[in-house]
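Chemist: sequence and predicted structure are below.
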Protein chains: 2
Amino acid sequence: MKGFNLRIPGPTPLAPEVREALSQEMISHRGPEFAALFREVGEGLKRVFQTQNDVLIFTASGTGGMEAALVNTLSPGDRALVIVTGFFGERWLQIAQACGVDAVPLRFPLGKCADPEEVRRTLKASGPYRAVLVTHNETSTGITNDLRAIAQAVHSVDEPPLLLVDAVSSLGAIDLRTDEWGCDVVVTASQKALMAPPGLALISVSPRAWQAAESARLPRFYWDFRKMREYAAKAQTPFTPAVTTLLGLREALRRIEDEGLEEVFARHHRVGKFTREGVKSLGLQLFPDEACASDTVTAVRVPEGVEADEVIRRLHNEYGIVISGGQGPLKGKIFRIGHMGYVQEEDIQEVLGALKEVIK
Amino acid sequence: MKGFNLRIPGPTPLAPEVREALSQEMISHRGPEFAALFREVGEGLKRVFQTQNDVLIFTASGTGGMEAALVNTLSPGDRALVIVTGFFGERWLQIAQACGVDAVPLRFPLGKCADPEEVRRTLKASGPYRAVLVTHNETSTGITNDLRAIAQAVHSVDEPPLLLVDAVSSLGAIDLRTDEWGCDVVVTASQKALMAPPGLALISVSPRAWQAAESARLPRFYWDFRKMREYAAKAQTPFTPAVTTLLGLREALRRIEDEGLEEVFARHHRVGKFTREGVKSLGLQLFPDEACASDTVTAVRVPEGVEADEVIRRLHNEYGIVISGGQGPLKGKIFRIGHMGYVQEEDIQEVLGALKEVIK
């Protein structure tokens, strides 16, 4: 049976060798086979994160990784500037508030990018802040923030705040230079551009973030970076990890290695552009500003007189194509086509062809 | 290639149909295929938990589930009695302390069970407590606590504390009557007796625990039971779950259903006894009191003049058998043979045969 053409912004389709790896026999998480797996995945992740920092491996979804980033670096009452460009910026804010952080939102209109100059002005005018929280790629509106420029703004103030980056739907698809740009904590997840099943949060931690982890006073046990580092030294995790997902991730990282990171970025840019042009050629409008449109997910305005849920349902039932609707305030107003990880132009061509029929 | 005979106390070997399910194509976590999966797993879990309570599904290891149990029911400064019979009782204590709970340990000697009478006396003499934390099956020493009697002790006091149970290495192998015994929160994980890969924590929540969740004041976002319940109503999870692991868990639960829960318990008891008798017939001594020896893991004293690590290494390298050593204070003093989930007598016979050669 032909499977679905899974074109949501994650989880993403699995390459054949990833699927095969998932069905391997279970191994001990304290034995030599696991140590080899852990080391290879760790090295591969460092290359994709473009970092010399530690990259920690948590068994959790990306949101768990975001919570881990926060509770290891901040204390109750710390001030954090939260750059909000959509649903996942709001999530940063919600987690920070749940943890008792004094979180100050800096909101930009849905479909627009964050303005790095406004970030700089805000940091200077209302600082000091202990941290800046930002979404690299905002899946809910289909935009990519200019993280390099935002990082420069953050580093332009005296005693720069820590920069915590949600890179869940960008890392491994869109250039993110963790070390060169000075990102202190970068969080991603296994099931997006990294092409493995969901279940792992991957987190890079800079020396400054390690320092913060020593003095941070939010309660933590499962999320404790320090315990993670202690076990990583012996190629283990403190608690039983998602071994199967790691086996899949190893194959996916080998695939990225074979293709080459630059070529992976180029392919995502090509497929992203192909999607945007294709959508427009159907007479549909992109939701976000095209200047900051994402190369991993395309958000499309639902045309007048068309029911978004009906489009999604018909693509699923009649064409075996799965796309996403809008979240929160954008529910019913947009639909979203994912194109990250294991994707080529022909996967998108199929979506465009079906979409043409369905919206007729 | 013949795989390893994985005889650690989890993760446990995967049945062929579980492995096959893991290699399925990815599906959307917001679509109808996932809803069907979520509902079937949820119903299956309720039968194995022997409960009418909600059973929540978190993407995390069992320790994450324990932290979730705590942060949803307790507030900083709440008093909790922690029954400690080994490494995993100490873990309850550490998590509680990390969360700012006033945790009072009630320790029993390693290799012994908790004495329910002493639990009762302590609750009456030094109460009131908001919660009692207990390990059903203590993997580190190979004992099973008499949870039924402990639950009776807990319920014998006025305004009984909440009963939080770590059932990570018991549920699905050893009888645990969540509702009949009045267990408020029961935590288990996917990779033990439930025979799926690691990556999911499964948590039952009683009406009393739900009440506690409304007033508990520990910070929580990822672990929030209330958000889980809200999404469970539409057969979803708030954050992207470990879809692949759920696909495996569905097959494992079907397997338990086919065998019958009573027969599953009987088989574990039979295999447990077979292991203990076999170990003794080799002239080796069990570590724990045999009266409370576990049916999911057997802890064996390392004989004089034998190096535990060497035994483990030789079993691995020469026989393809993987067993565990001791943890914490028991390191080098015991080794442990796991027998839960996908296990029959012949798997243990192979271990006993190899062990006989290695310790000669």
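Modeler: Received the coordinates, thanks. Numbering: from 1, shown residues only, chains lettered A, B, ... in the order given.

Chemist: and stretch A:43-51, C-alpha only, in CSV?
Modeler: Extracted in CSV, the C-alpha atoms of stretch A:43-51 (Å, rounded to 0.1, in the frame of the first residue of the first chain):
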residue,chain,number,x,y,z
GLU,A,43,29.2,13.9,16.7
GLY,A,44,26.7,14.1,13.9
LEU,A,45,24.5,16.5,15.8
LYS,A,46,27.5,18.8,16.5
ARG,A,47,28.0,19.1,12.8
VAL,A,48,24.4,19.9,12.1
PHE,A,49,24.3,22.4,15.0
GLN,A,50,27.5,23.9,13.6
THR,A,51,28.9,23.9,17.1
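
Chemist: show me what that stretch is in contact with.
Modeler: Stretch A:43-51 has contacts (Cβ atoms under 8 Å, 6 or more residues apart in numbering or on different chains) with A:52-53, A:55, A:57, A:171-172, A:176-180, A:186, A:188, A:194, A:202, A:204, A:250, A:253-254, A:256-257, A:261. C-betas here are computed from N, CA, C, even on glycine.

Chemist: next, the buried residues of that stretch.
Modeler: A:44-46, A:48-51 (16 or more other Cβ atoms under 10 Å in any protein chain shown).

Chemist: same question, stretch A:209-218
Modeler: A:209-210, A:212-213, A:216, A:218.

Chemist: for PyMOL, write the selection for the buried entries among the contacts of stretch A:43-51.
Modeler: Restricted to buried positions by 16+ other Cβ under 10 Å, the PyMOL selection for these reads:
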select buried, chain A and resi 53+55+57+171+172+176+178+186+188+194+202+204+250+253+254+256
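
Chemist: in strands only, show me the contacts of stretch A:43-51.
Modeler: Applying DSSP state E to the contacts of stretch A:43-51, the entries found in strands are A:55, A:57, A:186, A:188, A:202, A:204.

Chemist: grab the nearest non-local neighbour of the first one.
Modeler: Same thing as A:Val55. Computed as Cβ to Cβ, 6 or more residues apart in numbering or on different chains, the closest residue to A:Val55 that is not its neighbour in sequence is A:Leu45, at 4.4 Å.

Chemist: and the pLDDT for the one you found?
Modeler: In this prediction, A:Leu45 carries a pLDDT score of 98.

Chemist: again with A:Lys2
Modeler: At A:Lys2, pLDDT is 62.

Chemist: do the one 4 residues further on as well
Modeler: At A:Leu6, the predicted lDDT confidence score is 98.

Chemist: ok now do it, which residues does it touch?
Modeler: So A:Leu6 contacts A:12-13, A:322, A:338, B:25-28 (Cβ under 8 Å, 6+ apart).

Chemist: of all pairs in those residues, which one is the farthest apart?
Modeler: A:Gly338 and B:Glu25 (14.8 Å; Cβ to Cβ).

Chemist: compare these two (neighbour count), which wins?
Modeler: A:Gly338 (30 against 14; other Cβ atoms under 10 Å in any protein chain shown).

Chemist: let me see the contact set for the residue lying closest to A:Gly326 once chain neighbours are set aside.
Modeler: Counting by Cβ to Cβ, 6+ apart, A:Gly326 lies nearest to A:Ile334, which is 4.2 Å off, once chain neighbours are set aside. Residues in contact with A:Ile334 (Cβ under 8 Å, 6+ apart) are A:141-142, A:287, A:299-302, A:308, A:325-326.

Chemist: one more time with 7 Å
Modeler: A:287, A:299-302, A:326 (Cβ atoms under 7 Å, 6 or more residues apart in numbering or on different chains).

Chemist: quick one: which of those residues has the most company?
Modeler: A:Ala299 (28 neighbours).

Chemist: so it: helix, strand or coil?
Modeler: Judged by DSSP: H, G, I helix; E, B strand; the rest coil, the three-state class of A:Ala299 is strand.

Chemist: what's the local residue count around the closest residue to it other than its chain neighbours?
Modeler: Among residues not flanking A:Ala299 along the chain, A:Gly142 sits closest, at 3.2 Å (Cβ to Cβ, 6+ apart). When neighbours are defined as other Cβ under 10 Å, A:Gly142 has 32 of them.

Chemist: same check, this time on the one 5 residues further on
Modeler: Here the number of neighbours of A:Leu147 (other Cβ under 10 Å) works out to 26.

Chemist: quick one, helices of chain A?
Modeler: A:16-22, A:32-49, A:62-73, A:87-98, A:116-126, A:147-155, A:178-181, A:207-215, A:225-232, A:243-259, A:261-281, A:308-319, A:345-358 (DSSP state H).

Chemist: and those, which is most packed in?
Modeler: helix A:62-73 (a mean of 28; mean count of other Cβ atoms under 10 Å in any protein chain shown).

Chemist: then that one to CSV, C-alphas only?
Modeler: Written as CSV, here are the backbone C-alpha positions of helix A:62-73 (Å, rounded to 0.1, in the frame of the first residue of the first chain):
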residue,chain,number,x,y,z
GLY,A,62,10.6,19.8,21.4
THR,A,63,8.5,21.6,24.0
GLY,A,64,10.1,19.6,26.7
GLY,A,65,13.5,20.7,25.3
MET,A,66,12.3,24.4,25.5
GLU,A,67,11.3,23.9,29.2
ALA,A,68,14.7,22.3,29.8
ALA,A,69,16.5,25.3,28.2
LEU,A,70,14.6,27.6,30.5
VAL,A,71,14.8,25.8,33.8
ASN,A,72,18.5,25.3,33.5
THR,A,73,19.4,28.9,32.8
